[in-house]
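# Give me coordinates for this.
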Amino acid sequence: MGLDKYNQKRDFSKTAEPKAGRSKDKDKLLFVIQKHDASRLHYDFRLEMEGVLKSWAVPKGPSLDPRTKRLAMMVEDHPFDYRNFEGLIPKGEYGGGTVIVWDQGWYETIDPIKGKKAQEKYLLSELKKGSVKMRLHGEKVNGEFALVRTNGMGENSWLLIKHDDEFASKKDILKQDKSILSAKTIEQMEKSADEVWHSNREDKLEAKQPKAKGQAPDNKKQKKEETLIDESEVAGDAVVLDAKIILKSAPKGKFPTGVKPMLATLVDGPFDDPDWQYEVKWDGYRALAFVNKNKVQLLSRNNKSFDDKFYPIHKILSSWKLNGVFDGEILVLNEKGISNFGALQNWRSEADGELVFYVFDILWYEGADLTGLTLVERQAILNEVLPTDDDRVRISKVFDANGTDFFAAAERMGLEGIMAKRKSSAYLLSARSKEWLKIKVSRRQEVIVAGFTRNEDTSKLFSALILAVWENKTLTYVGKVGTGFSDSDQKEMLKRFKPYMTDKSPFTVVPDINKLSRFQHKQLNAKATWMKPELVCEVAFTEVTDEGIFRHPSFQGMRMDKNAKDVIRETAEHTQDVVEEVEENLEAELEDDKTKRKIPVGSKAKSQATKKSNEIIKKSGGQEKAKVRLTEDKHSSAIRPPKPTIPKTLLNPKDESQVRKVEGKEVKFNNLSKLYWPEDKVSKRDMFNYYYAVADFILPYLKDR
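Purely as a prediction, here's the structure:
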């Protein structure tokens, strides 16, 4: 690379930065790690080669833990004399901020090679191949490390990985925060910096700093094309990806049809890992949106059409001037922005609540197959291309938080749970992956409705649902649920159950539905009505007994989006075992040099439009607690109530006969397609929807008339 780029960015008549410099050590190659508090804090890792310092910006700094891979973005070569610099670079200058020499020493090849020149030649060949292995001898950092080049963000993205040797440790080496030269911290250096460097980086300056004359043109845009990241703008946990560059290099592929979404693995608790990102687990219907050549399909996870059922979302998608496949969740939100699954399953029109489609992934876009890209690359593209002119389609936010903190916040807010997704994960069609994990606040499970019971002296339509799951291809009884549904719910459910009722039990061994629990003392004398095992509902429960029966179940709603054939007993895997398994698989890929990961693990993609993402504030008596700060930006929304839709519809566009509640009373509407004004093609349905939409405006004028 040489110093050409370095020199192009600096006017040496105005800056004290070194022009060159050569090592005087004839036997050893030197290295330096500088802590650099620019627009965002990061660490600059520099290795002596070819008389210059080959340089990488490491957002999170080096780690001594072999399981932790650190993103390292290769930047321009720096002159050798740069290794001793400490001081202040004024804001507005290239790399503006405070610098200290955090660590310094010498390094060598891991393979025994005699002589500095021979080692340097070998290291340069490794650099060209994209895998540099070295042994560091510093004051803070020691032992074997590897720099491994990855793909997907240009040629300059690497991973800095600690090898498992006697110096490996889970200890946070970054807590040693003082300079090895001045013994000052970054904060102390900022207050007492003796040296000030200037360069020709054009930017917005503070009012007290007049713009220097004769500044060269801004190279920022050019640099982003080359490295996708500016060294002075490396975030501690954020990397700005250029969606256009990623799309340009993405493989071509035909528009997908008949595919099912990627599924997550259930684990038993939250965890903290910088290589994973966290999202809200929404309580709704999973949906894939296929938009191609002005045709739109909105499908459930089992390829059932949602086009008519959720017609407002379908209408929005039909207005898009693009071709793509999007993965997300359809919800009805309450006034606090929390999803209401009961309202969703009973949703018939906009009078029943505001629908929102939260989009969290993109599979295909304008001829490019994106499934092989990593999660952060796909989300960078999603942030760039998803239309945002209607608040009912939103991007599901990625939260910059520790998993345990975020889980605690989700629990306090009454959410269903959280999702943990490995940042490097590809999208596996029609498969369940351990690189996507779901962590539930309460225990919930989809179950098959195998029938219902009615107690001897009850006035209710039914007393409890008979529940089952598939185990080893056998329908297995898991208990009954008798709470969680209202009288009106029961009425609707019985209508739905009627086509599936049968005289024969679906179980090989008929369960004893009148068996008393240890808390029951009165015989129920219930009678069972059996059903074909084809309908699915969801229940919450506290635990599972030794006999496999759910304790204290509560009905959460029917799951018309789920296929009964897929319902098995869901057992949570141990979180740490799953995370370690994923880590080991990635380690094996890296070792074999056959990795398909295209983006550095440990990075977080944030497009230009999502820099204002949610923050996790960690304060409270020394213990870290997560608080979600709600922010709004162009492309995504945090947890917040929907904006009211105008006009709303009272009656959906499909059903000829509908029952709606008006002023608390049920009103039946029939023959809704009848044309009241044939010439204008205005139907009875259109008339009711019109008056419903304008009612709030005209009723005040009709009062007392």
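
# Three-state assignment for residue 456, please.
coil (DSSP: H, G, I helix; E, B strand; the rest coil).

# what does residue 66 give?
The three-state label given to residue 66 by three-state DSSP is coil.

# give the contact list for it.
161-164, 168 (C-beta atoms under 8 Å, 6 or more residues apart in numbering). For every residue, glycine as well, the C-beta is placed using N, CA and C.

# Try it again at 7 Å.
162-164, 168 (C-beta atoms under 7 Å, 6 or more residues apart in numbering).

# so what's the backbone phi/psi at it?
Reported as degrees, to the nearest 10, the phi and psi values for residue 66 are phi -60, psi -20.

# Then the one 3 residues further on?
Residue 69 adopts backbone torsions of phi -100, psi 130, taken as degrees, to the nearest 10.

# Isn't it up against residue 161?
Yes: in this structure residue 69 lies within contact range of residue 161 using C-beta atoms under 7 Å: 5.2 Å.

# and residue 331, what does it touch?
Contacts here follow C-beta under 7 Å, 6+ apart; on that basis residue 331 touches 282, 284, 339, 344, 356, 358.

# where does the first one land on pLDDT?
Looking at residue 282, its pLDDT reads 91.

# quick one, phi/psi of it?
Torsion angles, degrees, to the nearest 10, at residue 282: phi -80, psi 150.

# before we move on, what about the fourth one?
When read as degrees, to the nearest 10, the backbone of residue 344 gives phi -70, psi -50.

# Quick one: residues contacting it.
284-285, 331-332.

# hang on, the earlier thing: tell me the one of the contacts of residue 66 nearest residue 417?
Nearest to residue 417, judged by C-beta to C-beta, of the contacts of residue 66 is residue 162 at 32.8 Å.

# Nearest to residue 705 among the contacts of residue 66?
Nearest to residue 705 among the contacts of residue 66, with distances taken as C-beta to C-beta, is residue 162, at 80.2 Å.

# Count the neighbours of the closest one for me.
24 (other C-beta atoms under 10 Å).

# wouldn't it be in contact with residue 145 here?
Yes: using C-beta under 7 Å, residue 162 makes contact with residue 145 at a distance of 5.7 Å.

# what does stretch 676-688 contact?
Contacts of stretch 676-688 (C-beta under 7 Å, 6+ apart): 650-651, 669, 671-675.

# now do 8 Å
650-651, 653, 669, 671-675.

# low-confidence ranges in the stretch 451-600 of the chain?
Low-confidence segments of the stretch 451-600 of the chain, defined by pLDDT under 70: 517-523, 589-600.

# Give the burial count for residue 75, as a bare number.
With other C-beta under 10 Å as criterion, residue 75 counts 25.

# Then the one 3 residues further on?
A count of nearby residues for residue 78, using other C-beta under 10 Å, gives 23.

# ok, for it, nearest residue in space, not its chain neighbours?
residue 53 (4.4 Å; C-beta to C-beta, 6 or more residues apart in numbering).

# what helix or strand does residue 405 sit in?
Here residue 405 sits within helix 403-412, counting by DSSP states H and E.

# can you pull the buried residues of that helix?
The neighbour-count check on helix 403-412 (16 or more other C-beta atoms under 10 Å) flags 403-410 as buried.

# what comes up buried for the helix or strand that contains residue 119?
Assigned by DSSP H and E, residue 119 belongs to helix 116-129. Buried residues in helix 116-129, counted by 16+ other C-beta under 10 Å: 116, 119-120, 123, 126-127.

# got it, and stretch 554-565?
Those would be 554-562, 564, for stretch 554-565 by 16+ other C-beta under 10 Å.

# same check, this time on stretch 433-443
Quick answer for stretch 433-443 (16+ other C-beta under 10 Å): 433-441, 443.

# Turn those residues into CSV, columns for distance to residue 421.
CSV is the format used below for the buried residues of stretch 433-443 (distance: C-beta to C-beta, whole Å):
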residue, distance to residue 421
433, 9
434, 11
435, 7
436, 5
437, 7
438, 10
439, 11
440, 16
441, 18
443, 22
